[in-house]
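K.L.:
Please find the sequence and the predicted model below.
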Amino acid sequence: MSTRSRIAIALPNGRYKSVYCHWDGYPRGVGRKLVEHYNSEELAKALIDLGGISSLRSKLTPPAGSTHNIDSPLPDVTIAYRRDRGDKDMDAVVSVNFNALTALTLDSWGEFIYVFDHGQWTFTPVAWIKGSPLQAESDLREIAP
């Protein structure tokens with residue numbers, strides 16, 4: 001069973017640019033991979049620019065000349081919906097504030113939100129049942145490696 005999440009980067013204007021991630025969204029899955037392998041602004045932006053993610057892995061891109069797609073994925077390379085599955089509608093989305101990001105996460109049955117801001121990843125769990133109160137931005141917690 002999947003544990004869905006959203007991975008976001010905080011923008012200077014109070015907005016959030018984010019992508020959907022389908023598998024292993026819990027802190028010891030996606031959270032740990034973000035801290036261990038995507039812990040710089042450059043890497044976080046590259047990850048978001050990739051678009052929606054089926055499965056986050058330790059590497060963002062396959063080695064030059066290698067075959068990597070949904071039918072024959074490399075074991076340590078992220079599987080992206082657009083690049084590796086051919087899905088055209090999985091681009092990053094910009095939310096106007098944290099409540100909008102939370103609503104977007106709830107719409108896809110997401111259970112966690114990860115945000116890269118000021119050089120670190122933070123996360124917050126969200127209630128995935130429709131009608132639950134939105135999480136406050138102050139609920140974000142730092143992910144320990």
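P.N.:
Ah, there it is. Numbers count the residues shown, from 1 in each chain.

K.L.:
Going along the chain, name the helices of the chain.
P.N.:
Secondary structure of the chain (DSSP state H): helices at 32-37, 41-49, 98-107.

K.L.:
For the last one, buried residues please.
P.N.:
Read it as helix 98-107. Neighbour-count burial for helix 98-107 flags 98, 100-102, 104-106 (criterion: 16 or more other C-beta atoms under 10 Å). The C-beta positions use only the backbone N, C-alpha and C, and glycine is treated the same way.

K.L.:
again with stretch 74-93
P.N.:
74, 77-81, 83-84, 90, 92-93.

K.L.:
send the alpha carbons of that stretch over as CSV?
P.N.:
Provided in CSV are the C-alpha atoms of stretch 74-93 (Å, rounded to 0.1, in the frame of the first residue of the first chain):
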residue,chain,number,x,y,z
LEU,A,74,17.4,1.2,-12.2
PRO,A,75,17.2,0.3,-8.5
ASP,A,76,18.7,3.5,-7.2
VAL,A,77,17.2,6.0,-9.6
THR,A,78,14.0,8.0,-8.9
ILE,A,79,11.0,7.0,-10.9
ALA,A,80,9.2,10.1,-12.2
TYR,A,81,5.7,10.1,-13.8
ARG,A,82,6.5,12.4,-16.7
ARG,A,83,10.1,11.2,-17.5
ASP,A,84,9.7,7.5,-16.8
ARG,A,85,6.1,6.7,-17.3
GLY,A,86,5.1,9.2,-20.0
ASP,A,87,2.4,10.9,-17.9
LYS,A,88,2.0,14.5,-19.1
ASP,A,89,0.0,16.0,-16.3
MET,A,90,2.3,15.6,-13.3
ASP,A,91,4.1,19.0,-13.3
ALA,A,92,5.0,20.9,-10.1
VAL,A,93,2.2,23.0,-8.7
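
K.L.:
Give me the contact list for it.
P.N.:
For stretch 74-93, the surrounding residues in contact (C-beta atoms under 8 Å, 6 or more residues apart in numbering) are 17-20, 47-63, 66, 68-70, 73, 104.
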